[in-house]
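In: mind looking at a prediction? Sequence and model below.
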Amino acid sequence: MALKRTGPIKRKKPLTAAQHLTRRIVKNNRVKVTAAERNARKTVRSRSGGICEICGHAQATNFGHRKNRSQGGQWSASNGLDLCGSGTTGCHGHATVNPALARSRGWAVLSTDDPAEMPVFLAGRGWVFLLDDGSTTAQETAA
């Protein structure tokens, strides 16, 4: 059985001037997606192949900042991981609620650190450095 399309919502009373103004303010205050954000998301997704970089088996759905935006973290491939879940679920949530583990694995870095200079443990790749062009370089191990 096909669904029947409904028309626009019919109002009993027209919107007041204040309601129009409120809707306009909300619409204008939406966060704009910058070119840097778009580029970082695309580069990180290309690097991960759409698979979570922490667990290595779930579909990645979220960009996770290693250095939080509130701490001065930038939209760059070296500062981002492609993760499953959200900030409260999946690997993204696991890294968020376990900050000591996340820092020990490089999934999160301190506000004073440069993410490009901090190694990270990625599923299937081991310890690597993330580069802003979307590639990785292996961390040199001590002999």
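Out: Happy to help now that I have it.

In: so how far is Lys4 from Gly80?
Out: Using CB to CB, to the nearest Å, Gly80 is found at 44 Å from Lys4. (Glycine included, C-beta is placed from N, CA and C.)

In: my bad, Gly124
Out: Distance of Gly124 to Lys4, computed by CB to CB: 49 Å.

In: the two: who's more crowded?
Out: Neighbour totals were compared for Gly124 and Lys4, and Gly124 leads with 9 against 5 (other CB atoms under 10 Å).

In: sec struct for that one, please.
Out: Assigned with DSSP: H, G, I helix; E, B strand; the rest coil, Gly124 falls in the coil class.

In: once you drop chain neighbours, what's closest to it?
Out: Gly56 (5.0 Å; CB to CB, 6 or more residues apart in numbering).

In: residues in contact with Ser78?
Out: 66, 115-116, 129-132 (CB atoms under 8 Å, 6 or more residues apart in numbering).

In: top of those residues by number of neighbours, please.
Out: Busiest of the contacts of Ser78 [other CB under 10 Å] is Leu130, holding 26 neighbours.

In: nearest spatial neighbour of that residue, chain-adjacent residues omitted?
Out: In space, Leu130 is closest to Ser78, 4.4 Å off (CB to CB, 6+ apart).

In: show me the strands in the chain, by range?
Out: 62-65, 80-83, 120-122, 126-130, 136-138 (DSSP state E).

In: contacts for stretch 33-44, please.
Out: 63, 74-77, 79-82, 132-134.

In: any quick PyMOL command for the buried ones out of those residues?
Out: Buried residues within the contacts of stretch 33-44, by 16 or more other CB atoms under 10 Å, are selected in PyMOL with:
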select buried, resi 63+75+76+77+79+80+81+82+132+134
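
In: first-to-last residue distance for stretch 83-91?
Out: 6 Å (CA to CA, to the nearest Å).
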